[in-house]
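> Build the 3D model from these lines:
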Amino acid sequence: MVEFALSSVVLLLLVGGLVDIGRSLFVSEALSSAAREGARHGAWFDTPNRSHPYLDDAQIKAAVDAELAAASLPASVLKNPGTTCPAPTDGNAYHNPPFASGAYPPSANVAWLYICYANTPGLDFAVPATNQSQQDLNVILLYSYGPLTPLVTAQFGIFRLAVNVHMTVQGT
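Now for the predicted structure:
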């Protein structure tokens with residue numbers, strides 16, 4: 001009887017760990033989809049009017065948050081205009097991961113959104129930008145994933161997920 005109780009605890013821990021792995025993959029894919037949709041939305045060019053109607057923080061955040069809501073994840077917290085491009089720890093000029101721990105949310109299951117325009121820290125568009133063709137738009141989502149299984153959380157803490165999507169702003 002003791003062996004059965006011990007083996008059922010081990011089995012329960014394995015199942016809990018597998019659920020957490022599956023959930024983390026789901027969250028990672030949802031973040032990737034949200035960042036891609038935000039970048040695609042911001043890079044769009046309205047040819048007849050020769051404008052970029054969605055190339056601003058609010059429009060990009062709305063597109064990202066709609067994708068996050070579709071995956072039942074909380075809305076992102078926009079870090080612009082304070083920190084538009086988080087500093088990478090490996091010194092790359094394109095603001096790609098890895099990022100310092102301070103760039104991530106300190107609490108679990110929170111997404112921080114950074115919108116980096118033209119790879120230029122401090123450049124921010126609070127209203128739709130004009131004449132921005134052929135520049136890089138980098139939508140960065142940093143998420144602190146908190147596992148559901150208490151043992152995994154106690155052993156490893158929260159995990160940091162980073163997703164970023166670069167797109168070139170359309171137009172001429």
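> what's the longest helix in the protein?
For the chain, the longest helix by residue count, based on DSSP state H, is helix 2-43.
> N119 contacts A93, doesn't it?
Yes. Applying CB atoms under 8 Å as the test, N119 and A93 come out as touching, 6.5 Å apart. Bear in mind the C-beta positions are built from the backbone N, C-alpha and C, glycine included.
> Of the two, which one has the most company?
N119 (16 against 7; other CB atoms under 10 Å).
> Just give the closest residue to that one, not the sequence neighbours.
Spatially, and ignoring its direct neighbours in sequence, N119 is nearest to D136 (5.5 Å; CB to CB, 6 or more residues apart in numbering).
> pretty sure that neighbour is touching I115, no?
No. Counting by CB under 8 Å, D136 stays clear of I115, with 11.4 Å between them.
> out of these two, which sits in the busier spot?
The residue with more neighbours, out of D136 and I115 and counting by other CB under 10 Å, is I115; that gives 26 against 17.
> Please give the element, helix or strand, for that one.
Using DSSP states H and E, I115 sits in strand 110-117.
> show me the contacts for the residue nearest to N119.
By CB atoms under 8 Å, 6 or more residues apart in numbering, the contact list for D136 reads 94, 116-119, 166-169.
> pLDDT wise, what is it at?
In this prediction, D136 carries a pLDDT score of 92.
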